[in-house]
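**Student:** Please find the sequence and the predicted model below.
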Amino acid sequence: MKKIQMVDLITQYQKIKPAVDSAITGVLETAQFINGPEVKAFQSELEEYLGVNHVIPCANGTDALQIALMALGLKPGDEVITPSFTFIATTEVIALLGLKPIFVDVDKDTFCINAAEIEAAITPNTKAIVPVHLYGQSANMEEIMKIAEKHNLFVIEDNAQAIGGDYHLPSGDVKTGGIGHVGCTSFFPSKNLGCYGDGGAIFTNDDALAEEMRMVVNHGQSKRYYHDRVGVNSRLDSIQAAVLRIKLRELDNYINARRKVADHYDRFFAQFSGIKTPVRGPESRHVFHQYTLTLEGIDRDALNAYLAEKDIPSMIYYPVPAHRQEMFASFGSAETELPVTDWLTQRVLSLPIHTEMEDDQLEYICSNIAEFINVHA
Ligand SMILES: *Cc1c(COP(=O)(O)O)cnc(C)c1O
């Protein structure tokens, strides 16, 4: 059996190696490393795939979130509603820009922001909501958009873990990240659409916001050497764009491969009452960036250690929620009551899931978890 990894990027690369190698060589031979034709081609291919009017490539997913917030014209002290149960980048950029993160609890089943608790957190200073489609499952975007409309708030979707997901609206399916005013994603290598370094993108259907964000990514420049506002330098390299063009063609296959692994796990874990498998919300198609169990009455940390002994990696995403991080101590965030976030933080465990998992690996993981439960229950 092949060594089990959380993500197997080496085997995945072997399958697309000829195309990737020649695409990278193509960039080297033209020496158009920045904003070359590959970047423009990827941008329009991603616009087409996502069904959005504008994709703005940038340097990474954290920048994408920062640039989106910069484009909204907010002022210091404005409040941004977001979950605490997420990767730190989502909340960090809010504080970085002098805005105030207001943490709202998540839904126990979907791990995403609990739309029913958003309104209670809205004040006259609230300007935006940043929902996170955690682990590959979309937050309840219909509800969130209703609340945003009612209170005149911007919605920025953190789609770093859910690119390629379909959201079922009454008017038909749309891709996650294309429902709010702005969507942000990351092409970090282990993400569902990952490049071979850092990369990110912002998407929107709003022409004015797109224009503003195109300025922000390029030093606030409106035309060459004329700088209308303070911006940043955030670009996707041509080499990464060339890699992403190839991997974008595979994205739906990659999602299906992940969903097959999730199906296998779901079937196996159904027999254990202490294991709650990921709930697949009816409003979207889960793309399983992570396969995350919630363990009740089973010692999560002991299972995590037991699996490590058996050479099976498993991860706790995330061991400390944002509102309990030192980073936010000055906001007094730790005093915010987020019982579901705290409860989940003690109980979630993510298992290996990727595009190259083999049946013997899955069986080995499942039988070891069964063994642990039989001995410890
Ligand atoms: C990965 C990730 C980011 C940040 O992306 P980077 O490319 O690493 O900067 C932001 N939010 C979430 C939810 C992520 O998973």
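**Tutor:** Nice, thanks for sending it over.
**Student:** Quickly find the element holding L209.
**Tutor:** Element membership for L209 (DSSP states H and E) is helix 207-217.
**Student:** send the alpha carbons of that helix over as CSV?
**Tutor:** Extracted in CSV, the C-alpha atoms of helix 207-217 (Å, rounded to 0.1, in the frame of the first residue of the first chain):
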residue,chain,number,x,y,z
ASP,A,207,-18.4,46.1,-13.0
ALA,A,208,-17.6,49.0,-10.7
LEU,A,209,-16.2,46.8,-7.9
ALA,A,210,-14.2,44.9,-10.5
GLU,A,211,-12.6,48.1,-11.7
GLU,A,212,-11.8,49.2,-8.2
MET,A,213,-10.2,45.8,-7.4
ARG,A,214,-8.2,45.8,-10.6
MET,A,215,-6.8,49.2,-9.4
VAL,A,216,-6.1,47.9,-5.9
VAL,A,217,-4.1,44.8,-7.1
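**Student:** what comes up buried for that helix?
**Tutor:** Neighbour counts over helix 207-217 (16 or more other Cβ atoms under 10 Å) mark L209, A210, E212, M213, R214, M215, V216, V217 as buried. Where C-beta positions appear, they are placed from N, C-alpha and C, glycine not excepted.
**Student:** Repeat that for stretch 248-267.
**Tutor:** The neighbour-count criterion (16+ other Cβ under 10 Å) identifies L248, E250, L251, Y254, I255, A257, R258, R259, V261, A262, H264, Y265 as the buried residues of stretch 248-267.
**Student:** Tell me who's in contact with the second one.
**Tutor:** Each residue near E250 by Cβ atoms under 8 Å, 6 or more residues apart in numbering is listed here: I16.
**Student:** Could you check how far it is from F331?
**Tutor:** Distance, E250 to F331, using Cβ to Cβ, to the nearest Å: 41 Å.
**Student:** what's the answer for the fifth one, then?
**Tutor:** Relative to F331, I255 is positioned 37 Å away (Cβ to Cβ).
**Student:** Ok, the fourth one next?
**Tutor:** Using Cβ to Cβ, Y254 is found at 38 Å from F331.
**Student:** and what of the first one?
**Tutor:** Separation of L248 from F331 (Cβ to Cβ): 38 Å.
**Student:** Kindly report the same for I16.
**Tutor:** Taking Cβ to Cβ as the measure, I16 falls 44 Å from F331.
**Student:** Check D301 too.
**Tutor:** 29 Å.
**Student:** burial count for whatever residue of the chain ends up closest to the ligand?
**Tutor:** Distances between the chain and the ligand by Cβ to the nearest ligand atom are smallest at G61, namely 2.4 Å. G61 has 26 neighbours, counted by other Cβ atoms under 10 Å.
**Student:** ok, it - contacts?
**Tutor:** Going by Cβ under 8 Å, 6+ apart, G61 touches A89, A160, C184, T185, S186, F187, F188, K191, G200.
**Student:** So for it, what's the nearest residue that isn't a sequence neighbour?
**Tutor:** Nearest non-adjacent residue to G61, counting by Cβ to Cβ, 6 or more residues apart in numbering: S186, 2.5 Å away.
**Student:** Perfect, that will be all.
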